[in-house]
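1. please work out how this folds:
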Amino acid sequence: MRDTRSRLIEKYHSLMRRPSLDDDKARKVMIEVLTKNIGRFIPPNKSARILDIACGEGIFLMALREKGYNSLSGFDLSDENVAICHKLGLDFVVKFDALELINFSPGHKYDVIFALDILEHLPKNRVVEFLGQVYQKLSPGGHVVIQTPNMGSLQGLFIRYNDLTHEFGLTEFSARSLMLASGWHTDDIQIYPTWNATTFTGYLREWYLRLLHRLIFLSEGAQRPRIPSKNLLIVGRRSQ
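-> Numbers count the residues shown, from 1 in each chain. From the prediction side, this is the model:
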């Protein structure tokens with residue numbers, strides 16, 4: 001008998017009521033948000049080897065392909081998501097388990113690895129192992145870009161429990177500790193907020209969140225979380 005997580009992941013797109021990529025407006029907004037948050041971490045070299053772990057419906061890979069990147073790889077655990085990727089012409093996307101990353105394209109290393117909205121879905125007791133595998137799959141001088149819910153945000157608990165496949169959450173402090181425990185070096189870890197607004201109303205909401213966050217967490221003094229956005233962006237670089 002399949003467990004709850006397996007059933008949810010199998011039809012993740014439908015059960016989570018994700019926006020359809022057939023909707024040009026929704027697709028444009030998603031690409032705009034992605035570019036705003038992680039565009040600076042996309043290498044200028046169009047032949048850079050890029051891996052998208054848990055690529056979902058393939059929106060990011062599609063955006064990269066449209067920009068001319070020609071050495072793309074990606075995988076997802078959801079049969080439904082892989083089928084959507086193939087429908088978009090991303091035939092190279094395969095079904096694969098992120099926890100077995102070291103066995104994905106053995107011997108192949110990547111200049112950039114994106115792991116967007118996947119860390120929180122993994123069993124906590126295996127996350128260090130996973131991040132260690134990410135490090136091994138990076139070329140010297142390469143980097144990983146991780147997006148994950150921010151439990152230091154006022155929206156954190158809602159994001160954490162709004163998806164039944166979420167296993168745990170991180171703050172900016174525990175995220176750094178996790179990266180260090182996984183073998184990354186202090187100087188090679190950077191943590192950033194992610195801001196998704198693309199409209200005037202969206203910018204007002206983000207301004208309100210920043211203000212509310214600062215007022216509420218004044219009670220925590222020097223230990224208060226500094227990042228108010230609902231997601232964290234964690235960047236880890238592998239030394240040359």
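
2. drop to CA atoms for contacts and neighbour counts, all remaining ones
-> OK.

3. can you tell me the SS state at residue 133?
-> Secondary structure state of residue 133, per DSSP: H, G, I helix; E, B strand; the rest coil, is helix.

4. what about residue 234, which SS state?
-> Under three-state DSSP, the three-state class of residue 234 is strand.

5. so which residue is dead centre in the chain?
-> In the chain, the centroid-proximal residue (Cα atoms, centre = their mean) is residue 116; its distance is 1.2 Å.

6. beta partners of it?
-> Counting by DSSP bridges, residue 116 forms beta bridges with residue 147.

7. which residues touch it?
-> Neighbour list for residue 116: 52-55, 145-148 [criterion: Cα atoms under 8 Å, 6 or more residues apart in numbering].

8. closest one of those residues to residue 31?
-> Lowest distance from residue 31 to the contacts of residue 116 (Cα to Cα) belongs to residue 55, with 13.5 Å.

9. name the helix or strand of this structure that has the lowest mean pLDDT.
-> Within the chain, no helix or strand scores below helix 12-15, which has a mean of 68 by mean pLDDT, DSSP states H and E.

10. buried residues in the helix or strand just after that one?
-> Downstream of helix 12-15, the next assigned helix or strand under DSSP states H and E is helix 24-38. Going by neighbour count (16 or more other Cα atoms under 10 Å), the buried part of helix 24-38 is 27, 30-35, 37-38.

11. of all the helix elements in the chain, which one is longest?
-> helix 200-216 (DSSP state H).

12. what residues sit buried inside that helix?
-> Those would be 206, 209-210, 213, for helix 200-216 by 16+ other Cα under 10 Å.

13. phi first, then psi, for the residue lying closest to residue 227 once chain neighbours are set aside.
-> Spatially, and ignoring its direct neighbours in sequence, residue 227 is nearest to residue 193 (5.8 Å; Cα to Cα, 6 or more residues apart in numbering). Backbone torsions of residue 193, given as degrees, to the nearest 10, read phi -80, psi 160.

14. residue 193 against residue 229, yeah?
-> Yes - between residue 193 and residue 229 there is a contact under Cα atoms under 8 Å: 5.5 Å.

15. quick one: end-to-end length of stretch 178-187, please.
-> 14 Å (Cα to Cα, to the nearest Å).

16. try stretch 155-166
-> Stretch 155-166: ends 15 Å apart by Cα to Cα.

17. thinking again about what came up before, for residue 193 and residue 229, indicate the residue with more neighbours.
-> residue 229 (24 against 18; other Cα atoms under 10 Å).

18. which pLDDT value goes with the more buried one?
-> What the model reports as pLDDT for residue 229 is 95.

19. tell me the contacts of it?
-> Residue 229 neighbours (Cα under 8 Å, 6+ apart): 150, 153, 193-195, 206, 209-210.
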